[in-house]
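[1] quick one: sequence and predicted model below, then my questions.
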Amino acid sequence: MDYGYARCSTNESKQDINRQTRELKKLGIKEENIFYEYESGTKDDRKELNRLMQIVQAGDSITSLEVSRLTRSTQKLCEIIKEVQEKQIKLVIAGSITIDCSPGKELDAISKGMMLMWGVFAELERDIITARIKSGMLNAKAKGVRLGRPETTIDTLPYNFLKYYPMFQNGSINLSEFSRLSGISRPSIYKYLKIVESK
């Protein structure tokens, strides 16, 4: 069975993961066999990747568009390669590298080396991006820019909170119903109520 894996960080657009899905389908992977998720490439314990690795059997293949989609950690990549060997499957990075550990085949040292090299580049790219973000935040802080989410005030309360607040206030709905109708989490409701009541 041929499987595909697509990943997008939570701060990337969903369009990107759709592009990955389209490319994997062009490579012959059926949509129902594509596993995708929105998680950081630095996170080791990823639900869909773990589920995929549990499903695959000897002779199956996993295709991803880039090494960085699998992981941005060389340590995690080494673990994935080891698991590919143990499960006797094929790992394909589209248009780049293939590690074929199917039954009767041995891990090619050059392919493994190339895969790890791309893994180093993926981790390096992550570290550079992280360093730039930290530098930018420090620079902004030095200039007096307030970082983080803007503070919620009485004037910036969400429309849905204001819409259902009178019903909550007169007892027509309870807190759980308030949360469900407005689509706002209970902790946020509590926070907004404090703002309103303080005024």
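    Sure thing, it's come through.

[2] how about the helices of the protein, start to end?
    14-26, 47-55, 67-70, 74-87, 109-142, 159-169, 175-182, 186-198 (DSSP state H).

[3] tell me which of the ones you listed sits most buried.
    Mean neighbour count (mean count of other CB atoms under 10 Å) peaks for helix 67-70 among those, with a mean of 23. For glycine as for every other residue, the C-beta is placed from the backbone atoms N, C-alpha and C.

[4] and the contacts of that helix?
    5-7, 20, 41, 49, 64, 77, 80, 93, 96-97, 115, 118-119, 121-122, 125-126 (CB atoms under 8 Å, 6 or more residues apart in numbering).

[5] mind listing what whichever strand in the chain runs longest pairs with, with the direction of each?
    Of all segments of type strand in the chain, defined using DSSP state E, the longest is strand 2-8. Applying DSSP bridges to the sheet, strand 2-8 is found paired with strand 34-38 (parallel), strand 61-64 (parallel).

[6] rank those strands by pLDDT, which is bottom?
    Among the strands paired with strand 2-8, strand 34-38 carries the lowest mean pLDDT, at a mean of 90.

[7] list the buried residues for that strand?
    34, 35, 36, 37 (16 or more other CB atoms under 10 Å).

[8] chain center to that strand: distance?
    Mean-position distance between strand 34-38 and its chain equals 8 Å (CA atoms, centre = their mean, to the nearest Å).
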